[in-house]
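Q: pasted the sequence and its predicted model underneath.
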2 protein chains.
Amino acid sequence: MTLATVFQVRTGDLRVLLWQRAKDPFAGAWSLPGGYLAEAETLEDSIRRHLAVKVDVRELAHLEQLETRSEPGRHPSEWQLATAYLGLVPLDVDPAVPEDTAWHPVDSLPTLAFDHAPITLAGRERLRAKLSYTNLGFALAPPAFTISELRDVYSAALGHEVSPTNLQRVLLRRGVLELTGEQRPPGRAGGRPAAVYRFRSRELEITDQFAVLRPPA
Amino acid sequence: MTLATVFQVRTGDLRVLLWQRAKDPFAGAWSLPGGYLAEAETLEDSIRRHLAVKVDVRELAHLEQLETRSEPGRHPSEWQLATAYLGLVPLDVDPAVPEDTAWHPVDSLPTLAFDHAPITLAGRERLRAKLSYTNLGFALAPPAFTISELRDVYSAALGHEVSPTNLQRVLLRRGVLELTGEQRPPGRAGGRPAAVYRFRSRELEITDQFAVLRPPA
DNA sequence: GTAGTTTTCGCCTGTGAGTCTAAAACCTGG
DNA sequence: CCAGGTTTTAGACTCACAGGCGAAAACTAC
């Protein structure tokens, strides 16, 4: 079967899409969205199909495979394989979700069914790591944003403060951001108007920077 | 089913363990070792079991999951899932392999069956990346070695020259290496005797160094 | 106009990678 | 035993980038 940890930054913290099980096993418990694989179906097609029931799949800005779990004890009665995916939804969209589905803050998870808790944490770890050495922020950020807004997205996703002033210049220096030319008018309290940026690319790109043992120049 | 890309540095280059198929499909073609999953078996148990036919599994210094492939076209007649693993064998051992099995230089691969060529390259990429930001070298290097010997291992695995002098000091500074106290006598041509090092840990450790957006101090 | 707020820019520092050169330690041949 | 060759080790230097501090810019409210 396929599962997905779908993350979004909402109201200032990183949340994961969970779904409350109706039937046993683990009736009433929260779990990751997903379901069984159909015949001759790609894993990615499968998770997209199951996710479509919960969220508008067009809102997924990124989807990648995480890992496949196979421990016999992960399901109380049957033995089943589960391939987990990592999905990301940008800040600016609010996809409609069914009654039994909700965005849970990943820092205060309820008890999850099966082995979904470690899978969720693995998804979070993958996200945090890739935020550091790729341009993956594009999948969490809105299409255009000020540096302050982007800073909020990053600190929510990374789980720690991100220096307001210069830290995002990392992204500028790496060339992952570019100016749109627009400006955001200041709020009621005043302040200098903020420049509006966007990600130069919405495809995943890896900073060569993290390859520490480089070929000679 | 499960597959594995098992790498070893032999005679100066990075090689992958391949196996020549006896039966159709792809009879005679080279392919990755692996096989079908047994009932209630862990994926890792499965690949270990299938590898045991080809190499002495105790020689595997590292084994981790790579990815699961599911494209319907990857097998000409059936539709099957394949979970690929990355395995590493240290330089100092020479496990006995059957007649139909050989170590192929990964830079000049023959035509491989199924989608085994991209899987092999994915394994190599994972290996190269992790050599940069983890201590994964322990799984390719012998238990004790001089810096020169380690340099040869790294340049073979990374596919480019590694600066003889100082580059390995990266590993010292990071604390992944430690002195054994022994010395290696010089060869016939003379030269200063080399200090013998070992990896401080033979468990996978990640350099925090690569997390670029760090929490404030 | 003055005070307060927010963003942006420039400068400084520290760290670690990469390179170069010299010194150390050893062998061989005369 | 000394001179020249060889390999390893250590130190010095440069460079790039992350991180932090503070000042300047640009605006609102009173």
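A: In hand now; what should we look at?
Q: when you work out contacts or count neighbours from here on, use the C-alpha atoms and nothing else.
A: OK.
Q: so A:Trp30 sits against A:Leu17, correct?
A: No. If you go by Cα atoms under 8 Å, A:Trp30 and A:Leu17 don't touch, sitting 9.8 Å apart.
Q: in chain A, what helix or strand scores lowest on average pLDDT?
A: helix A:169-173 (a mean of 86; mean pLDDT, DSSP states H and E).
Q: how about it against DNA strand D, any contact?
A: Yes. Helix A:169-173 reaches DNA strand D (Cα under 7 Å from any atom of the strand) through A:Arg169, A:Val170, A:Arg173.
Q: filter those residues down to the buried ones.
A: Buried members of these, scored by 16 or more other Cα atoms under 10 Å in any protein chain shown: none.
Q: and the strands in chain A?
A: A:2-10, A:13-20, A:30-31, A:34-35, A:62-69, A:82-88, A:101-105, A:177-184, A:194-199 (DSSP state E).
Q: what's around A:Glu78, how many residues?
A: 10 (other Cα atoms under 10 Å in any protein chain shown).
Q: go on, the one 4 residues further on?
A: As a burial measure, A:Ala82 scores 21 neighbours (other Cα under 10 Å).
Q: how about A:Arg184?
A: Residues near A:Arg184, counting by other Cα under 10 Å, number 12.
Q: returning to that earlier point: so how far is the least confident helix or strand of chain A from its chain's centroid?
A: Computed by Cα atoms, centre = their mean, to the nearest Å, the chain-centroid distance of helix A:169-173 equals 21 Å.
Q: hmm, who's touching stretch A:108-122?
A: With contact meaning Cα atoms under 8 Å, 6 or more residues apart in numbering or on different chains, stretch A:108-122 is reached by A:Thr5, A:Val16, A:Phe26, A:Ala29, A:Trp30, A:Ser31, A:Leu32, A:Leu66, A:Arg74, A:His75, A:Ala84.
Q: for chain B, state which of those residues is nearest.
A: Proximity of the contacts of stretch A:108-122 to chain B (Cα to the nearest Cα) peaks at A:Leu66, which lies at 8.0 Å.
Q: now the angle from the longest helix anywhere in chain A to strand A:62-69?
A: When chain A is parsed with DSSP state H, its longest helix is helix A:116-133. Per axes from the mean of the first three to the mean of the last three Cα atoms, to 10 degrees, the angle that helix A:116-133 makes with strand A:62-69 is 130 degrees.
Q: so which bits of helix A:116-133 are buried?
A: In helix A:116-133, counting by 16+ other Cα under 10 Å, buried: A:116-117, A:119-120, A:122-124, A:127-133.
Q: now, among those residues, which is nearest to chain B?
A: For the buried residues of helix A:116-133, the residue nearest chain B by Cα to the nearest Cα is A:Ser132; the value is 5.2 Å.
Q: what about that closest one, distance to DNA strand C?
A: 16 Å (Cα to the nearest atom of the strand, to the nearest Å).
Q: hmm, who's touching the least confident helix or strand of chain A?
A: A:Leu177, A:Glu178.
Q: can I get it in CSV? Just the C-alpha atoms.
A: This file holds the C-alpha atoms of helix A:169-173, laid out as CSV (Å, rounded to 0.1, in the frame of the first residue of the first chain):
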residue,chain,number,x,y,z
ARG,A,169,20.6,36.1,1.9
VAL,A,170,21.9,32.5,1.8
LEU,A,171,19.1,31.9,-0.7
LEU,A,172,20.0,35.0,-2.6
ARG,A,173,23.6,34.1,-2.8
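Q: that one and DNA strand C in contact?
A: No. Against DNA strand C, helix A:169-173 shows no contacts by Cα under 7 Å from any atom of the strand, the least distance being 8.7 Å.
Q: got the angle for the longest helix of chain A vs strand A:13-20?
A: Using the same axes, to 10 degrees: helix A:116-133 against strand A:13-20 is 150 degrees.
Q: helix A:116-133 close to DNA strand D?
A: No. Applying Cα under 7 Å from any atom of the strand, one finds helix A:116-133 separated from DNA strand D by no less than 8.6 Å.
Q: state the mean pLDDT of that helix.
A: Averaged across helix A:116-133, pLDDT comes to 95.
Q: and it, how far out from the chain middle?
A: 8 Å.
Q: could I have the CA atoms of that helix written out in PDB?
A: Below are the C-alpha coordinates for helix A:116-133, written out as PDB (Å, rounded to 0.1, in the frame of the first residue of the first chain):
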ATOM      1  CA  HIS A 116       2.700   6.200  11.100                       C
ATOM      2  CA  ALA A 117       4.400   8.200  13.900                       C
ATOM      3  CA  PRO A 118       7.900   7.200  12.900                       C
ATOM      4  CA  ILE A 119       7.000   7.700   9.200                       C
ATOM      5  CA  THR A 120       5.800  11.200   9.900                       C
ATOM      6  CA  LEU A 121       9.000  12.000  11.700                       C
ATOM      7  CA  ALA A 122      11.000  10.600   8.800                       C
ATOM      8  CA  GLY A 123       9.100  12.900   6.500                       C
ATOM      9  CA  ARG A 124       9.800  15.800   8.700                       C
ATOM     10  CA  GLU A 125      13.500  15.000   8.800                       C
ATOM     11  CA  ARG A 126      13.700  14.600   5.000                       C
ATOM     12  CA  LEU A 127      11.900  18.000   4.600                       C
ATOM     13  CA  ARG A 128      14.200  19.700   7.100                       C
ATOM     14  CA  ALA A 129      17.300  18.300   5.500                       C
ATOM     15  CA  LYS A 130      16.300  19.200   2.000                       C
ATOM     16  CA  LEU A 131      15.400  22.800   3.000                       C
ATOM     17  CA  SER A 132      19.000  23.200   3.900                       C
ATOM     18  CA  TYR A 133      20.700  22.000   0.700                       C
END
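Q: fine, thanks again, bye for now.
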